[in-house]
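1. no sequence for this one, just the structure:
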């Protein structure tokens with residue numbers, strides 16, 4: 001979940017801790033290209049501030065081939081957090097050209113600690129914790145999705 005953009009303020013999700021998990025958005029296809037391998041995922045794309053604030057909060061499960069792509073609509077430093085998120089996640093911070101800038105692996109569920117992008121990015125992809133390491137995904141690998149024009 002996004003915590004902040006260029007400010008230190010955290011984005012608060014609507015509904016609070018007892019809110020029900022949001023209905024899934026339509027799924028879009030995304031691929032991570034790592035060396036000579038392509039790893040396909042079906043992702044929900046979070047485009048509005050409300051969608052980005054809610055993210056994967058209150059969900060207890062995500063299928064192995066699913067993820068959530070946060071579209072920030074402009075390139076800027078971002079920070080994420082895990083408040084009200086029960087699933088350990090790998091967060092892939094993605095540049096405008098679709099290359100992975102940084103990976104935060106196995107983020108801690110329910111933590112309010114901010115996880116910075118480390119540089120300006122256009123997007124963040126959240127996948128299940130440990131998947132990046134299992135698949136050999138690393139910074140510099142490329143994301144293929146309509147969001148990243150080549």
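-> Yep, it's here. Nothing here was measured: the structure is a model prediction, and the numbers come from that model.
2. Could you check how far the residue of the chain positioned farthest from its centre is from residue 135?
-> Going by C-alpha atoms, centre = their mean, the residue of the chain most distant from its centre is residue 36, 23.4 Å out. Distance, residue 36 to residue 135, by C-beta to C-beta, to the nearest Å: 13 Å. C-beta here means a position set from N, CA and C on the backbone, and glycine is covered the same way.
3. and what of residue 67?
-> Counting by C-beta to C-beta, the gap from residue 67 to residue 135 is 12 Å.
4. Counting neighbours, go ahead and name the busier of the two.
-> Neighbours per residue (other C-beta atoms under 10 Å) separate residue 67 from residue 135, with residue 67 holding more: 24 against 15.
5. For that one, which residues are in contact?
-> 30, 41-44, 125-128 (C-beta atoms under 8 Å, 6 or more residues apart in numbering).
6. what about the strands in the chain?
-> All strands of the chain, identified by DSSP state E, fall at 2-4, 27-34, 37-46, 66-76, 79-80, 89-94, 100-104, 115-116, 121-128, 142-144.
7. winner for burial among these?
-> With neighbours taken as mean count of other C-beta atoms under 10 Å, the strands of the chain reach their highest mean count in strand 89-94, at a mean of 26.
8. Quick check on the residue farthest from the centre of the chain: phi, psi?
-> phi -100, psi 10 (degrees, to the nearest 10).
9. Spatially nearest residue to residue 64, not counting backbone neighbours?
-> Nearest residue to residue 64 in three dimensions, chain neighbours excluded: residue 128, at 6.2 Å (C-beta to C-beta, 6 or more residues apart in numbering).
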